[in-house]
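> Got a predicted structure plus its sequence, pasted below:
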Amino acid sequence: MRLTGIQSLTQISEPLPGLLEGGGVMTVPEVSWDGKRWFTETRRRRAKPGQKKRKRKVRIAARPAVGPAFNAEIQSGNVLSPWQNVVSN
């Protein structure tokens, strides 16, 4: 997964668009050099022996935007059948 352009070691339960749409949990590995400040562990910034590590679970709230909006467009008749203008009787 990519966070801010850096390939992260974050584990997510489903693909990111689905996670943002329906909500869920993701695990973020973090590493600390001094025990006070924690940084996201990435492929470039991996924990070295003796460094403190932790895994933080982050709950993502559901933000349904595309699904309900798309269903409303279908209900109102604004979304046409893909075969409507191709197949004629």
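It's in.
> can you pull the contacts of E14?
Shown in contact with E14 (CB atoms under 8 Å, 6 or more residues apart in numbering): 22, 24. Quick note: C-beta positions are derived from backbone N, CA and C, even for glycine.
> for the one helix or strand V28 maps to, which positions count as buried?
Secondary structure assignment for V28, by DSSP states H and E: strand 24-32. Of the residues in strand 24-32, those buried by neighbour count under the rule 16 or more other CB atoms under 10 Å are 24, 26, 28-31.
> quick one, phi psi at the residue nearest the centre of the chain?
For the chain, the residue sitting closest to the mean C-alpha position, by CA atoms, centre = their mean, is L16 at 2.7 Å. The phi and psi torsions at L16 (degrees, to the nearest 10) take the values phi -60, psi -40.
> Quick one, grab the pLDDT at it.
We have a pLDDT of 75 for L16.
> next one: the one 5 residues further on
pLDDT, the model's per-residue confidence, is 80 for E21.
> Relative to R44, how far out is it?
Separation of E21 from R44 (CB to CB, to the nearest Å): 30 Å.
> Those two - which one has more neighbours?
For E21 versus R44, the count of surrounding residues by other CB atoms under 10 Å is larger for E21: 18 against 7.
> by contact count, what packs against the helix or strand hosting the more buried one?
Taking DSSP H and E as the definition, E21 sits inside helix 16-22. If you count contacts as 3 or more CB pairs under 8 Å, 6 or more residues apart in numbering; DSSP states H and E, helix 16-22 packs onto no helix or strand.
> mind listing what's buried in that helix?
Taking 16+ other CB under 10 Å as the neighbour-count basis, helix 16-22 is seen to contain the buried residues 19-21.
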